[in-house]
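In: Sequence first, then the predicted structure:
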Amino acid sequence: MSRRYLLNKALGAFARTSFTTGVQHVGGRVQATALAATQVLGRASMFSTFREMSSFGAGAEAAQKKMHCYQCEQTANGTGCTVMGNCGKTPEVAGLQDLLIFSLKGLGSLAHHARAAGIEDPEVNTFINQATFSTLTNVNFDDTRFQQYISESVHLHARLAAKLQAANKASQIPTVPSVPWLLSSGMPHPIVWNQQTSAQIDNMLIPDLIEVSKQTGIVARQEALGKTLAGLQEMVMYGLKGLCAYAAHAEALGARDPAVYAFVQEALCFLSSPASAEVPNVMDMAMKLGKCNFRVMQMLSEAHSSTFGHPTPTEVSLTPKPGKCILVSGHDMHDLEQLLKQTEGQGINVYTHGEMLPAHGYPGLKKYPHLAGHYGGAWYRQKMDFSYFPGSILITTNCVLEPMASYKKNLFTTNETGLSGVSHIPTKDFSDVIKRALELPGFNQSNMPRSAESSSGGRGAVGGTGNGLKKVVTVGFGHHAVLGAAGQVVDAVKTGKLSHIFLVGGCDGHEPQRTYYSRLAQVLPKDTMLLTLGCGKFRVFDQDFGTLPGTQLPRLLDMGQCNDAYSALVVATELAKAFKTDVNSLPLSLDISWFEQKAVSVLLTLLSLGVKNIRLGPALPAFLTPDAVQVLVSQFDLKPADTSNPELDLQKMMAKK
């Protein structure tokens, strides 16, 4: 009898193992599972078995590649990063992220069924969202942190299983389903893997985890399911990453919804079940995800407003002031508030960077006089911006890049973010950030910007095209502010003063094709308005668009961060009510730039709400095959942006095509 046969037989047994006991039931007899076997054989033998499994079936090809990641827009050659991530992610980190997601599918599945049995663990709820968020593009590059996440996932799984046993609820948990594509990859079900690994996880080194991770990536599923179905499954997983990121932001402000935790765990369970082998089921889950993400964005918006007040239109200086300084990048308003409190009276000016710009519109944040302004441009320009910033830098969330030596000692991460060799702040005590700021020179006459066109020491443009740039920009046009002027907007449309509204926003990036968005903005007719959100705003935010002729309405309105897509949807819905029509019939076009997984969750939200004729660019996601794209085109009229011809796209959008 061959060793391969025995391994496949063992894997088949794994698939029938109970969620919570370490045993399997065969013909009425209870036999010890591979968990006991690994405990007897020991750690070295266990890893030898994992390695041998990887040499069979689809797992063989997966093991031959250094990595395969195509979750973001900048993926290599538009197909996938296989040697090194274009984001800077190493194959080792990519593998650890794959294994973490695999383990979270197990933990999420157990939590999903435990909830149905009346058992819930708040720590599990929070951890799943935060750990999922950690795998988002440009959040965490630290392999040690991922080792910790994987270990915690396995331990929480064991704790939840123990709670079920103690409550005599284990018998209410279904048995693990047989999932063919998992067997072909050389891995048991994620629930079973978590069970089997709990006794060894504390002794597993990073190389051990990386070896196991070779069976958990996308390649094996592509071979077993086909690239179209596997890609649609990934679309759901990537949307889930974005949703979990927003939910983590909301939870930091004390906003929680049991229904959100329940959905996240339901989705993780679904993705590791036979039901996800059918395209209609996957699309149904994608739409459920979109609707749940709408709730999460609403929850985050309300948390921001209840904590800091509704955003109001506010001018923000792009010119630094002399003095000691700290730069805050990412998305987390709670961290910014804590830092502002801790720096009061210390003679330190605090500046926002990237998607922290909308912070200046919140009354509860702009009340701090040492919130001095905004510095730099979009996330992808941070190496230039950070190199010339003469103070300490706090990264609260994505996006972060591997740092240059010139500022590495000045950089601090917190929350889910992480970089190898960079100081991490695990709490809300930012004393080390403040101490470093006081050690550094701060802004002075010798390093102040040389012109209004730059806040990066005169060396790097903030954004835009370089023409007509302003020393100040205006933020704070959330849905409360915009709806306050809804009557003027409706009147402008009815009187012919406003012909069309364009929502141009989402993520920004370094690709030259992204100039499409600034070129489009430049050719918009004077009787149109431009709404921006997310870091896509940095293509145009410092240009002067003036006011709509015959009105006092500014033509450029920035609605906030990427999660403030919620505000845009609220405004669109209210305008539709005013015109007694639906959103798709408004003189409104959505031209969305995407980069990472938050944008995927926002796109699924728009689609789930029935919004059609969305343009997406600068390139369509690599995880969507032509067949998958056709599904979205046929159902939602999704269109690729014509980055070579923004003028033609403008004509089509004006004609609602």
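Out: Looks like it arrived, so ask away.

In: if I look at residue 424, how far off is residue 164?
Out: The gap separating residue 424 from residue 164 is 34 Å, by Cβ to Cβ, to the nearest Å. The way it works is simple: take the backbone N, C-alpha and C, and place the C-beta from them, glycine included.

In: Which one's more surrounded, these two?
Out: The neighbour comparison of residue 424 against residue 164 (other Cβ atoms under 10 Å) goes to residue 164, with 22 against 17.

In: Run through the residues that contact that one.
Out: 20, 114, 117, 119, 170, 173 (Cβ atoms under 8 Å, 6 or more residues apart in numbering).

In: Can you classify the second one by secondary structure?
Out: This means residue 114. At residue 114 the chain is in helix, as set by DSSP: H, G, I helix; E, B strand; the rest coil.

In: so what's it up against?
Out: Residues counted as contacts of residue 114 (Cβ under 8 Å, 6+ apart) are 120-121, 160, 163-164, 169, 173.

In: could you redo the last one with a cut-off of 10 Å?
Out: Residue 114 is in contact with 19-20, 120-121, 124, 160-161, 163-164, 167, 169-170, 172-173, 265, counting by Cβ atoms under 10 Å, 6 or more residues apart in numbering.

In: Give the burial count for the nearest residue to residue 425 once chain neighbours are set aside, as a bare number.
Out: Spatially, and ignoring its direct neighbours in sequence, residue 425 is nearest to residue 414 (4.3 Å; Cβ to Cβ, 6 or more residues apart in numbering). Neighbours of residue 414 under the rule other Cβ under 10 Å: 23.

In: Now do the phi/psi pair for residue 414.
Out: phi -150, psi 170 (degrees, to the nearest 10).

In: Roughly how far does it sit from residue 338?
Out: Taking Cβ to Cβ, one finds residue 414 at 10 Å from residue 338.

In: swap in residue 556?
Out: Counting by Cβ to Cβ, the gap from residue 556 to residue 338 is 31 Å.

In: quick one: the nearest residue to residue 596 once chain neighbours are set aside from residue 345, how far?
Out: Spatially, and ignoring its direct neighbours in sequence, residue 596 is nearest to residue 137 (3.9 Å; Cβ to Cβ, 6+ apart). Per Cβ to Cβ, residue 137 is found 38 Å from residue 345.

In: Looking at the two, which is more packed in?
Out: Per other Cβ under 10 Å, whichever of residue 137 and residue 345 has more neighbours is residue 137, with 24 against 6.

In: how near is that one to residue 204?
Out: For residue 137, the distance to residue 204 (Cβ to Cβ) stands at 26 Å.

In: What of residue 285?
Out: In terms of Cβ to Cβ, residue 285 sits 32 Å off from residue 204.

In: again with residue 174
Out: From residue 174 across to residue 204, the span is 28 Å (Cβ to Cβ).

In: Contacts only, for residue 271.
Out: Contacts of residue 271 (Cβ under 10 Å, 6+ apart): 101, 104-105, 108-109, 179, 190, 233-234, 236-237, 240, 282, 285.

In: Buried among the residues you listed? Need that as a selection in ChimeraX.
Out: Selection of buried members from those for ChimeraX, criterion 16 or more other Cβ atoms under 10 Å:
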select :101,104,105,108,109,179,190,233,234,236,237,240,282,285
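
In: Among the contacts of residue 271, which lie within helices?
Out: Among the contacts of residue 271, the ones falling in helices (DSSP state H) are 101, 104-105, 108-109, 190, 233-234, 236-237, 240, 282, 285.

In: For stretch 333-353, measure first residue to last.
Out: 12 Å (Cα to Cα, to the nearest Å).

In: buried stuff in that stretch?
Out: Using 16+ other Cβ under 10 Å as the test for burial, stretch 333-353 gives 333-340, 342-343, 348-353.

In: Specify which member of those residues is nearest to residue 77.
Out: Comparing the buried residues of stretch 333-353 against residue 77 with Cβ to Cβ places residue 353 closest, at 30.4 Å.

In: from memory the closest one sits against residue 397, does it?
Out: No - assessed by Cβ atoms under 10 Å, residue 353 is found out of contact with residue 397, at 11.9 Å.

In: Mind listing the shared neighbours of those two?
Out: With Cβ under 10 Å, 6+ apart, residue 353 and residue 397 have common neighbours 329-330.

In: Give me the below-cutoff pLDDT ranges for the stretch 451-600 of the chain.
Out: For the stretch 451-600 of the chain, the stretches flagged by pLDDT under 70 are 451-469.

In: What is the burial count for residue 128?
Out: Per other Cβ under 10 Å, the neighbour tally for residue 128 reads 25.

In: repeat for residue 78
Out: Neighbours around residue 78, by other Cβ under 10 Å: 12.

In: Provide a list of residues in contact with residue 142.
Out: Residues in contact with residue 142 (Cβ under 10 Å, 6+ apart) are 93, 96, 134, 148, 413, 417-422, 424.

In: Kindly report the same for residue 615.
Out: 504, 516, 520, 589-593, 638-642, 649, 652-653.

In: Now restrict these to buried residues only.
Out: The neighbour count (16+ other Cβ under 10 Å) marks 504, 516, 520, 589-593, 638-639, 641, 649, 652-653 as buried among the contacts of residue 615.

In: ok, of those residues, which one's closest to residue 382?
Out: residue 593 (18.0 Å).

In: Could you check how far the residue nearest to the closest one when sequence neighbours are not counted is from residue 601?
Out: Leaving aside its sequence neighbours, residue 593 sits nearest to residue 506 (Cβ to Cβ, 6+ apart; 4.2 Å). Distance of residue 506 to residue 601, computed by Cβ to Cβ: 12 Å.

In: Could you do residue 279 as well?
Out: Distance of residue 279 to residue 601, computed by Cβ to Cβ: 20 Å.

In: ok, the two, which is more surrounded?
Out: Neighbour count, other Cβ under 10 Å: between residue 279 and residue 601, residue 601 has more, with 28 against 16.

In: The more buried one reaches residue 300, doesn't it?
Out: No - applying Cβ under 10 Å as the test, residue 601 and residue 300 come out as separate, 11.8 Å apart.

In: tell me, what's touching these two both at once?
Out: Taking Cβ under 10 Å, 6+ apart as the contact rule, residue 601 and residue 300 both touch 245-246, 563.

In: what about residue 300, neighbour count?
Out: 26.

In: Equivalent analysis for the one 10 residues further on, please.
Out: Residue neighbour count, defined by other Cβ under 10 Å, stands at 17 for residue 310.

In: I figured residue 84 hits residue 68, correct?
Out: No - if you go by Cβ under 10 Å, residue 84 and residue 68 don't touch, sitting 11.9 Å apart.

In: Can you check which residues contact both of the two?
Out: Between them, residue 84 and residue 68 share these contacting residues under Cβ under 10 Å, 6+ apart: 91, 94.

In: sorry, back to before: quick one: which of the contacts of residue 142 sit in strands?
Out: 413, 424 (DSSP state E).

In: quick one: the residue nearest to residue 593 and residue 617 touch, right?
Out: Yes - counting by Cβ under 10 Å, residue 506 touches residue 617, with 9.1 Å between them.

In: the more surrounded of those two?
Out: Neighbour count, other Cβ under 10 Å: between residue 506 and residue 617, residue 506 has more, with 29 against 22.

In: Distance check, that one against residue 580.
Out: 29 Å.

In: Then residue 329?
Out: Using Cβ to Cβ, we find residue 329 at a distance of 43 Å from residue 580.

In: So for those two, which sits in the more crowded spot?
Out: Taking neighbours as other Cβ under 10 Å, residue 329 and residue 580 compare with residue 329 leading, 27 against 7.

In: Kind regards, and thank you for your time.
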